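Undergrad: please work out how this folds:
(one chain, ligands or ions: 1)
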Amino acid sequence: MRDFPSAAPDLHEAEPIPEAAKAAIEALLQSGDLFRYTAPQDAPVALLEREFAEIMGTRYALAVSSCSAALFLSLKALGLPKGARVLIPAFTFAAVPSAVVHAEMQPVLVEVGTNYRLDIADLEAKIMDADAVLISHMRGHTSDMDAILALAKAHGLPLIEDAAHSLGTLWDGRKIGTLGDVGCFSFQSYKMINAGEGGILVTDDADLVARAVIMSGAYEHNWKKHVDITEAAAKWQNKLPLYNLRMQNLSACVIRPQLTELPRRIRDGLANHDFVAERLQDSGYFDVPAPLPQEVRAPDSIQFNLTGFSEAQARAFVTFAKENGVPAQIFGLSTDNARAFWNWQFIEGPPPDLPGTRAMLAVACDVRLPVRLKRDDLCFVASALISAARMVKG
Ligand SMILES: Cc1ncc(COP(=O)(O)O)c(C=O)c1O
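TA: Just a heads-up that it's a prediction; the model follows:
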């Protein structure tokens, strides 16, 4: 018998797209002008890039078809050679090592601690033989960026930030995604801004963005429709392949009205997370890792470690949580999980020995917490999880 009230919230239900998007989409449908490069200027995608760069405080933004595309183009635009060794956290989504493989480079996995953040000692050990660092702020957990920036600088390596889950996160007051050479964001549905699919990269580097713009599919002189890259782009004219990973205008029309919603979503996401986190932590069944002191998070999900559960108990916990109405996953215990590094069999060679990350994945539990949830919903989620733990532990 449940010992908590009310109906289960749908943890996959997004916020409605703002009304303002409808007029923009209607006008676009009337004109039929869906391609970003048809209009001589001010196409919705171009406007989105300008607005996003302004919000992030960067010189450039390039909107593309997904965050994976942004990561791929960033690796290509950095001019890294074929076979370059790219350090990535061993805890991330399979799309991240996939982008590295797609760019014909070699992902090198770095251990991640029980707090979901990069193990800096392992980074230090592996950085000697690396050509680039791609730090994935998985589920919006920010690793020690001071240490990572210092190490990348000391070794003269470029740093890409995968900020797919970190739109709105701050590190020492600076926006995550703007600390490295290039930052990549996702507009896929389970992110802070929802376009179904979509991504964007930001940078201050004119040469890098010019290369990325051309490779994203700005054929002939379409790069002239991008802000302030004429000199750099002219240099690369006809010298780079076109991968055609552009964003279309319809996506930009869905995204732009959400930009003004962002501060509220960030605020609500953090408040919601902290409300549930406090209850889970106080229950004694779970450990919810604290943010690092420099970090102000913008979560749309919650992660916590089961404490003192056997594997059988952990599996039972997931079953009971689902019965209670809250789908939860333990990254390392569900079959074919895309965030468990041993499932990334597309990487050449056997899975590396990463006992720290493996141990964390065996107890780390993941629950979606969309920002639209209200207090009753949050109480439900916390109670359902605590009740499931109680059912296991007695
Ligand atoms: C950590 C991380 N990086 C990158 C991506 C790729 O994002 P996209 O689906 O926009 O390609 C995802 C997808 O969810 C992700 O979880």
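
Undergrad: residues in contact with the spatially closest residue to residue 330 that is not a sequence neighbour?
TA: Closest residue in space to residue 330, ignoring its immediate chain neighbours: residue 365 at 5.2 Å, by C-beta to C-beta, 6 or more residues apart in numbering. The C-beta positions use only the backbone N, C-alpha and C, and glycine is treated the same way. Neighbouring residues of residue 365 by C-beta atoms under 8 Å, 6 or more residues apart in numbering: 286, 303, 304, 305, 306, 317, 318, 328, 329, 330.

Undergrad: and the fifth one, how far from residue 139?
TA: Noted for residue 306: a distance of 16 Å to residue 139, by C-beta to C-beta, to the nearest Å.

Undergrad: now do the first one
TA: When C-beta to C-beta is the yardstick, residue 286 and residue 139 sit 15 Å from each other.

Undergrad: the last one too?
TA: For residue 330, the distance to residue 139 equals 14 Å [C-beta to C-beta].

Undergrad: quick one: common contacting residues for these two?
TA: With C-beta under 8 Å, 6+ apart, residue 330 and residue 139 have common neighbours residue 366.

Undergrad: show residues contacting the top helix by length along the chain.
TA: Longest helix in the chain, counting residues (DSSP state H): helix 262-283. Residues outside helix 262-283 that contact it (C-beta under 8 Å, 6+ apart) are 15, 55, 167-168, 192-193, 286-288, 296-300, 302, 304, 369, 371-373, 375, 378, 381-383, 385-386, 389.

Undergrad: sorry, back to before: hang on, the residue nearest to residue 330 is in a strand, isn't it?
TA: Yes - read with DSSP: H, G, I helix; E, B strand; the rest coil, residue 365 is one of the residues of a strand.

Undergrad: low-scoring stretches of the stretch 251-394 of the chain, by residue?
TA: Along the stretch 251-394 of the chain, segments meeting pLDDT under 70 are nowhere present.

Undergrad: hmm, 90 instead?
TA: 351, 394 (pLDDT under 90).

Undergrad: and the helices in it?
TA: Listed in chain order, the helices of the stretch 251-394 of the chain (DSSP state H, counting those that start in this stretch) span 262-283, 311-323, 355-363, 375-393.

Undergrad: what's the closest of these to residue 205?
TA: Nearest to residue 205, of all the helices of the stretch 251-394 of the chain, is helix 262-283, at 24.4 Å by C-beta to C-beta.
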